[in-house]
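A.B. asks: Here's my sequence, what's the structure:
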Amino acid sequence: MEGSLTEKFKWPYVITDLIILSFQVFGDYYHFRHRTVAKRSLSDHRGTHVRLLRDPKVTWAEQQVSKRRKKREAFAEPLDPKFRDQWYLYNSNHRDLNAKAAWELGYTGKGVVVSILDDGIEKNHPDLMQNYDPDASYDVNDGDPDPQPRYTQLNDNRHGTRCAGEVAAVANNGICGVGVAYNAKIGGVRMLDGEVTDMVEAQSLSLNPQHIDIYSASWGPEDDGKTVDGPAKLAKEAFLRGVTEGRGGLGSIFVWASGNGGREKDSCNCDGYTNSIYTLSISSSTQNGNVPWYSEACSSTLATTYSSGNLNEKQIVTTDLKSKCTDSHTGTSASAPLAAGIIALALEANKNLTWRDMQHLVVRTSHPAHLLTNDWKTNGVGRKVSHSYGYGLLDASAIVALAKTWTSVGPQRKCVITMVSEPRLVPLLPHLSDNVDACIGTDSHVTSLEHVQARLTLSYNRRGNLAIHLISPAGTRSTLLHPRPHDYSSEGFNDWAFMTTHSWDENPTGAWTLEIENVAGASDYGTLTQFILVLYGTGSTSSSSSEKPQAGNGSCKTLDLRQICIGKTGISCLKFGPRRKFQSQQLRRGSVITE
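C.D. replies: Numbers count the residues shown, from 1 in each chain. Just a heads-up that it's a prediction; the model follows:
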C-alpha cells in the first residue's frame, strides 16, 4: 500500500523528522509522505496513523491505498461480422495499418468529409447510409445530385461503392466490416460511367471544396505500358485551385491510386495524375509484404497500403452493390481509399493541416515494415525509400500522434532552373550534370526539398527503350523512367514533368545529374531539347539580401506571387560511351521560362 497519508488538520502543523509535507491537495487538506517507508509497503502505518489522530490539530487522517480503476474509453473493438477478416486494419502479427491503435486514441474520422470520385456510390447501402453526405456527392455524368450507380448485369459499376466502404463503412451495426474512418462522412461523384472529358474531371475535382476535405481517386490513363497522359488544362486548374483555395486555403487533399500496369511494365511516372505534386500517390503491398503483380514502380509514389496479391493471399473486405458485402476488392484501387481513411483520422487529430503538411506527415510516419523489394535505399536525410513502396507502409496510429503536435511547414517555394535549352543529341549513356544554387538570394530560395521535377522535352525513335535517372547532390538516385517494352512510340516527351519524392528534406544546393540510358543498343537515336529542373520545398523564414549566388552557378529571380524562380545556369554535358574519354562541353545559358 502507499506509504503516504492525507490529513485534514488545523494549520500550522509541526512536521516530524519522519513525516514530510508532500503537497497541498486543496483547502485544509494536505498530503504527507513517510521518509523511511517504501512507496509500496506490505504493511500499514498503524503507529504513525494513531499518533497523528491523537494530535489535537488533526481533525481527520487516512492512509492512501492504491485503487483499481479502468478507463471508460469510447472505443470497443467493432462487432461487425466481417471485421475479423479485415486483416489489414488489425492483425495479431502486427502486419497491418495500425488502425485499431488510432481508434483507441479516439480518432475515427469524425468531422471529416471524404468524396470518392468514381462510378457512383450506393448511397442507401445499409453500411454506408448513416455516414452518407449528399453535399459531398454529385452525378457529373447525368448532371444531377444523385450519385447512385447504374446497375448492369455484370455489376461493373461497383468500383465506387467498394472504395467508399473502405473509407467509412459504419461500425457496430452488424453489417459487413468497418471503414478505416468509420465515423467520417462519405460522398461520391459519379463521373466514370460515361464520356470522361477534361471538363468532367475538372468538375469532379472541384466539387464543393469548402466542404469536402479529401478526394479519393482510383483511376487514371490506360495502364498498358505505352501511354503517356495526364490532366489537361481544366483538370490542372482544378488541382491548383483545390490546393490553394480548398478547405479555407489549407488545400484540398487528393489521394490517388498509383496504377495497375505492373504486368505491362508500366511506369506511374507516365501517369500525370499520380505524377503530380498535388496528389498523394499510394501503392500496394500484398498480405505477405510482397510487390503485387499489378503494382507499378516509380519515383512519385509517396507511400503504401495493403491490397490483394497472389491466390493464397487475402483481399480487401468492403461494401458491394445491392446492399451486399465483398471480401475480394483488389488492386491499387483498394489501396488509395485505405490511405484516404487514414488521412481522415489525421485530419480529425488536427484540422489545421495543409495539403503539404499531410504529405510531410506521410513521409515521416510511413515505414518499410516487412515490405519486400530489392530497391530500398537510404536517401540523403537517412530515410528508407523505394520505387515500389515510396516511404513504406502507412501507420494510422503514428500519423495521428504526429498530427496532434504538428506545426505547419512554411510557404511553398518553387525554384525553376533551365539546365538544357538547346537541342542536344542523345548518345549512349549521356550524363548531364551541373551545380545549382537553388535560387539563393531570392524569395524562392529552397533549402529543404519536397517535390522535384525534371521537365523534359525529348524525341526518340523508340520511347520504351529509354531509362532516365536523376541524382541529387546528396547522392539519392531516382528512377524517373524505367524501360517500357510495349512503348514503341517515337513521340518522345513534350515538356513532361517527371517527379520524384525521394529527396524529401534534402538540401538541393549542389550538383544534380540527369542520366539518359538507352537499354537497347546504339542503333536508337534522339534529341534532348529541354531539361528544366524544378525544386519545390521550403526555405529559411526570411531571405537575406546578403545571400549572393556563387560565381558560375547562375542566378534566379522571382517572377510572380507563386514565387516562381527562373534559374540561369551553365551546364556541363559529359558523354559516356564505350572506350571514350569524357568530353566536357559548355552549353548555352538557360533562357527564361514562363508558365
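A.B. asks: Please compute how far stretch 517-533 lies from its chain's middle.
C.D. replies: Mean-position distance between stretch 517-533 and its chain equals 32 Å (C-alpha atoms, centre = their mean, to the nearest Å).
A.B. asks: Can you pull the poorly scored residue ranges out of the protein?
C.D. replies: 1-23, 35-46, 68-75, 428-430, 522, 541-595 (pLDDT under 70).
A.B. asks: the domain parsing of it - what is it?
C.D. replies: 4-63, 107-366, 413-575 (automatic domain parsing).
A.B. asks: wait, which of these is closest to residue 85?
C.D. replies: Nearest to residue 85, of all the domains of the chain, is domain 107-366, at 5.2 Å by C-beta to C-beta. Glycine gets a C-beta too; all of them are placed from N, C-alpha and C.
A.B. asks: Using CSV, write out every CA atom in the longest helix along the chain.
C.D. replies: Determined from DSSP state H, the single longest helix within the chain is helix 332-349. C-alpha atoms of helix 332-349 as CSV (Å, rounded to 0.1, in the frame of the first residue of the first chain):
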residue,chain,number,x,y,z
THR,A,332,-4.3,-0.2,-56.1
SER,A,333,-7.9,0.8,-56.4
ALA,A,334,-8.3,-0.7,-53.0
SER,A,335,-5.1,0.9,-51.6
ALA,A,336,-6.0,4.6,-52.2
PRO,A,337,-9.2,4.6,-50.2
LEU,A,338,-7.5,2.9,-47.2
ALA,A,339,-5.0,5.8,-47.3
ALA,A,340,-7.8,8.3,-47.6
GLY,A,341,-9.3,6.9,-44.5
ILE,A,342,-6.0,7.1,-42.6
ILE,A,343,-5.6,10.7,-43.7
ALA,A,344,-9.1,11.4,-42.4
LEU,A,345,-8.0,10.2,-39.0
ALA,A,346,-5.0,12.6,-39.1
LEU,A,347,-7.3,15.5,-40.1
GLU,A,348,-9.6,14.7,-37.2
ALA,A,349,-6.5,15.0,-34.9
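A.B. asks: Any buried residues in that helix, and which?
C.D. replies: Using 16 or more other C-beta atoms under 10 Å as the test for burial, helix 332-349 gives 332-349.
A.B. asks: do the same with stretch 117-127
C.D. replies: For stretch 117-127, using 16+ other C-beta under 10 Å, the buried residues are 117-123, 125-127.
A.B. asks: what two of these are the furthest from one another?
C.D. replies: Farthest apart among the buried residues of stretch 117-127 by C-beta to C-beta are 117 and 126. That separation is 23.3 Å.
A.B. asks: for stretch 128-138, the distance to its chain's centre please.
C.D. replies: For stretch 128-138, the distance to the chain centre is 24 Å (C-alpha atoms, centre = their mean).
A.B. asks: Return the set of buried residues in it.
C.D. replies: 128, 131-133, 136-138.
A.B. asks: Give me the contacts around that stretch.
C.D. replies: By C-beta atoms under 8 Å, 6 or more residues apart in numbering, the residues outside stretch 128-138 that reach it are 113-115, 121-124, 144-147, 161, 164-165, 168-170, 173, 179, 182-190, 204, 207-208, 211-212, 319.
A.B. asks: taking those one by one, which sit in helices?
C.D. replies: 161, 164-165, 168, 204.
A.B. asks: ok, which pair from those residues is furthest apart?
C.D. replies: Taking C-beta to C-beta, no two of these sit farther apart than 165 and 204, at 19.8 Å.
A.B. asks: Compare these two and say which one has the larger neighbour count.
C.D. replies: Shown here are residue 165 and residue 204; by other C-beta atoms under 10 Å, residue 165 has more neighbours (32 against 23).
A.B. asks: Can you give me the distance of that one to residue 276?
C.D. replies: Residue 165 sits 26 Å away from residue 276, taking C-beta to C-beta, to the nearest Å as the criterion.
A.B. asks: follow-up on the earlier one: out of the domains of the chain, the one nearest residue 91 is which?
C.D. replies: Going by C-beta to C-beta, the one of the domains of the chain nearest residue 91 is domain 107-366, 8.9 Å.
A.B. asks: All set, thanks.
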